[in-house]
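Visitor: Just to be clear, the model below is a prediction. Sequence and coordinates:
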2 protein chains.
Amino acid sequence: MAKKSFWAWGLESEEPTVEQMREMAVKVSRQYGVNLEAVAPPKLAELSLRKPRISPPASITEFCSTDTHDRAVRSYGRGFRDRIRAFNRQFPNPPDVVAFPRNEQEVEAVLGWCSESGHVAIPYGAGSSVVGGVEPPEHADGIVSIDLSSLDRVLEIDQLSRAARIQAGVYGPAMEDQLRPHGFTLRHFPQSFEHSTLGGWIATRSGGHYATNQTHIDDMVESVRMVTPTGIWESRRLPGSGAGPSPDRMVIGSEGILGIITEAWMKIQGRPKYRASAGVTFPTLEASADAARIITQSKLWPANCRVLDPGEAANAAGLEGSQALLVLGFESADVPQDEFIRMAIAMASDAGGTLDDDAIKIVNPDRSTPAASSSEAGRQGAVGNWRDSFIRAPYTRNMTAGLGLVGDTLETAITWDRWPQLDAAVRDALNGALRRTCGGGSVTCRFTHVYPDGPAPYYTFEGLSKPGGEIETCDEIKAAASDAIIAAGGTITHHHAVGKLHRPWYDKQRPDAFAQALRAAKGVLDPKGVLNPGVLIDP
Amino acid sequence: MAKKSFWAWGLESEEPTVEQMREMAVKVSRQYGVNLEAVAPPKLAELSLRKPRISPPASITEFCSTDTHDRAVRSYGRGFRDRIRAFNRQFPNPPDVVAFPRNEQEVEAVLGWCSESGHVAIPYGAGSSVVGGVEPPEHADGIVSIDLSSLDRVLEIDQLSRAARIQAGVYGPAMEDQLRPHGFTLRHFPQSFEHSTLGGWIATRSGGHYATNQTHIDDMVESVRMVTPTGIWESRRLPGSGAGPSPDRMVIGSEGILGIITEAWMKIQGRPKYRASAGVTFPTLEASADAARIITQSKLWPANCRVLDPGEAANAAGLEGSQALLVLGFESADVPQDEFIRMAIAMASDAGGTLDDDAIKIVNPDRSTPAASSSEAGRQGAVGNWRDSFIRAPYTRNMTAGLGLVGDTLETAITWDRWPQLDAAVRDALNGALRRTCGGGSVTCRFTHVYPDGPAPYYTFEGLSKPGGEIETCDEIKAAASDAIIAAGGTITHHHAVGKLHRPWYDKQRPDAFAQALRAAKGVLDPKGVLNPGVLIDP
């Protein structure tokens, strides 16, 4: 497996060069009217981690590591505050041991050791949590990060049912590589796709490729297998069931506090053969939101139905900044999508939309019309720009480390009736906090997912703080927005998960009675409370 | 509220007449080559129930009853064994008290009394459980059935988000009556629609109208409010969330063991304006199942996609008995459905299907073609026959009480790869048990719901036992089929719930670790264990 960067989003080989960081410093300086100098990124040799305080028993040492790089990488997720702390060489609380179990028996062995010895056990997929989901807790005596990346196989494919049994530690691209030769795909593409795992998606209720209908990984799970300190939890593989509360739904979103997911049967897809996409521009965000609502309520179920506000459309899709953009995409392995996009575009036009110069791209291999010759539906023009920008965004943010730039994202979901008030409140909160902390900054919004009853808005903010003050500034800005989200009736997260960072707001959101029930459930599965303490509920 | 029959499916006013029962005796006699005589149905005056063993405190007597009819009705659900026992005037274990709380405060008051005094509390919607879900447990000292039917209002409608806040005790038709003037509908039509409630649907993971995509009530719930012995559980109203395991999914399917659901925000629908339906015949069940699979995997998401085996197609849709029937239906409030059904029919034809004389019915008010003049899409021919038969089936079964006829249904879900083996095993088990107990009988199957990864098969069996031996016979037959379902990898229930009747098989199906977690959760919410003991888990 390629070596991860211990401080940046992505691999060591993808870290920005000093030259790139200098260019970025010039660009940011110009943008903010200041004079910033690039700061040299950290080197592994500069780190001096706390000595491991615990040693694994001989029976498991073979797959355990106390290597500095292994421990540094797993000291943080990859959120803003994680990258800044790592960039600043701050590693006060690394895991003592990193385990790399190669099969389920070894998962049981290392978790068994943790449970018997009272060591904290942190299930680790690919570590791209942005909410402190894999960060060791303070005040623990011994911490073991359990890296599942060796459980990386697609074990079985049921062609007829379009389902596959897949090990939880597989990274997105490696999983798709194994499904592709059989003509299948999971088509779950969170922004973290390259740096996240199936098990991580399930544990965090990841939101993926599909903007409507089956948006979360939740809907693609047929059954789950999980190792707990008290035994194996495995649900029956079923297309649907009404037998009691869904066992899977207790595992999905459990963020590593109940057990370690080792494999799952997943509903997979035929690889799309028919595609249709279009970008529709609108004079206002409100009008584009109306269009997204109407299309989603009509149950045409587009695969893509993302709304970009004018700022976002300018930054991410190359529009000139006064228009909102609705990105529509339909796809199917089985039926032509022409008619679907025609109906959706008609609705968008009725709502005040204009087809941009990208027009409509259609791929239909059954036809030999000019439209059919394009294999690039959804990969050109404004729509294509948006795709590229979406994938590159976290890498771009690596380049600004050390400059004092504060930029982060936050997301929620809200019903349509309350969406305008939530949007106003979140923008007010973000802009107010940016003024207080940075003298101003930018706020943009897009919808990542759209439901018949409401959108999932996703905010990006940026401001220039003082180098060294980025984390406090970012925390203050996010707290203001999070307060606004909870007050306006939203969820503290639609797909970024809760971890430790969202806890104060999650605690206001979830029913107290549910937290009690979850704590009781954890009590019987993890009686020593070793699994990911501090995440979701208090120990 | 109209008076329920204390023994038959439906209302007292819908009980079969002695004349109807005589006609049915003649019909069944002819069918089985025997000579049966109709037995007079029970009268309320013939019942002598055990005296109530407990008395409600003065503060709640106003909405409590110890009336014989009230208690007799709530002694059983409405499954086969329930109706036979009631018909036979066997009421050894009625609830002592029936409470009719008129608001949530009164729900809290009666549940508080039960919890303090250790009386069994059975949440009661409309009582059409077929799995012993509302039947009092044996060996309890005091039993209170809590009838929610006074909580019968649609409280709030959010037009923009297409959602409504609805009280849990409302019956299906009354709920639709309140949504209709606003142009909305929930469109959740289980076979029990007339005799079931929103709260009951949520508590039992009811399967409804939609044969594909959003099949269970689970997918229509935005948030739930529940009274537990330790306080109110209320989730936040959200179109989607990724914040921890879904609190709602712990309530959905909890079958009254965690609390009493009092209201829910539900995702509602625009009333369908465009419809399209067709019946497609196939030479074999296998071919029709293939068609249903292909259509569902294509994600056209028909509202109806039901497969009837040749026996079922003869009994329920009037075909001559050698062909399987695929009933297809599309509907929308927003977009014409012509193109959707055209694509689905093309797939069905490719799979070997033939359009029956019912042909295609299309309702499209935007057009004035002959097809558009029909307001009856889906209500004529084989499709219409199937609808009528579906709704009438439980009433027809009332008429055979006392004749020794054993007829019941059971249902499951299974992935496509294992469906043929499951079908063979279940038919073998049913036919074998029918031979042993009745000297033979009939077995038919339909798919009630279809998923991309598998169908939900629904079996109906019938045989003639000895009067007086019906329950033991039915139990033996169902046990054989249930054993076969579990051995073949299916679920013990796709939408009939677990209750007490499915417990032995449910206990094999669900992860032990999940049962432990659920028991622990119940322990904190219902510390005295008064809520519906014996259902889902052991106390």
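Guide: Arrived safely.
Visitor: So which bits of the longest helix along chain A are buried?
Guide: Counting residues, the longest helix in chain A under DSSP state H turns out to be helix A:419-438. Neighbour counts over helix A:419-438 (16 or more other Cβ atoms under 10 Å in any protein chain shown) mark A:419, A:422-423, A:425-427, A:429-431, A:433-434, A:437-438 as buried. For glycine as for every other residue, the C-beta is placed from the backbone atoms N, C-alpha and C.
Visitor: ok, now stretch A:252-265?
Guide: Neighbour-count burial for stretch A:252-265, counted by 16+ other Cβ under 10 Å, picks out A:252-265.
Visitor: cool, and stretch A:51-70?
Guide: For stretch A:51-70, using 16+ other Cβ under 10 Å, the buried residues are A:P52, A:I54, A:P56, A:I60, A:F63, A:C64, A:S65, A:T66, A:T68, A:H69, A:D70.
Visitor: need the contact list for the closest residue in space to the first one that isn't next to it in sequence.
Guide: Closest residue in space to A:P52, ignoring its immediate chain neighbours: A:D96 at 4.1 Å, by Cβ to Cβ, 6 or more residues apart in numbering or on different chains. Neighbouring residues of A:D96 by Cβ atoms under 8 Å, 6 or more residues apart in numbering or on different chains: A:R50, A:P52, A:R53, A:I54, A:T66, A:R71, A:H119, A:G142, A:I143, A:V144.
Visitor: any idea how far chain B is from A:D96?
Guide: Distance, A:D96 to chain B, using Cβ to the nearest Cβ, to the nearest Å: 28 Å.
Visitor: do A:R249 as well
Guide: 4 Å.
Visitor: Can you check the pLDDT for that residue?
Guide: Per-residue pLDDT puts A:R249 at 98.
Visitor: Contacts only, for the spatially closest residue to it that is not a sequence neighbour.
Guide: By the measure of Cβ to Cβ, 6+ apart, the closest residue to A:R249 outside its immediate chain neighbours is B:R249, 3.7 Å from it. Contacts for B:R249 (Cβ under 8 Å, 6+ apart) come out as A:P245, A:S246, A:R249, A:M250, B:D218.
Visitor: Tell me if I am right that the last one is in a helix.
Guide: It stands for B:D218. Yes: the assignment for B:D218 (DSSP: H, G, I helix; E, B strand; the rest coil) places it in a helix.
Visitor: Sketch out the low-pLDDT regions of chain A for me.
Guide: A:356-358, A:368-381, A:386 (pLDDT under 70).
Visitor: any idea how it splits into domains?
Guide: Under the assignment automatic domain parsing, the domains of chain A span A:155-254+A:261-270, A:274-395, A:400-501.
Visitor: Now look at the shortest one and say if it contacts chain B.
Guide: Yes: using Cβ under 8 Å from any Cβ of the partner chain, domain A:400-501 reaches chain B at A:413-417, A:449, A:451-456, A:489-498.
Visitor: and the gap between A:Y506 and chain B?
Guide: A:Y506 is 5 Å from chain B, by Cβ to the nearest Cβ.
Visitor: ok but that residue is inside a helix, no?
Guide: Yes: counting by three-state DSSP, one finds A:Y506 located in a helix.
Visitor: Identify the residues contacting the closest residue to it other than its chain neighbours.
Guide: Residue nearest to A:Y506 in three dimensions, not counting chain neighbours: A:V498, with 4.6 Å by Cβ to Cβ, 6+ apart. Residues in contact with A:V498 (Cβ under 8 Å, 6+ apart) are A:V131, A:G133, A:E255, A:I492, A:Y506, A:V535, A:L536, B:A243, B:G244.
Visitor: Quick one: buried ones out of those?
Guide: Neighbour counting with 16+ other Cβ under 10 Å marks A:V131, A:G133, A:E255, A:I492, A:Y506, A:V535, A:L536, B:A243, B:G244 as buried within the contacts of A:V498.
Visitor: out of these, which one sits closest to B:R81?
Guide: Nearest to B:R81, judged by Cβ to Cβ, of those is B:G244 at 40.2 Å.
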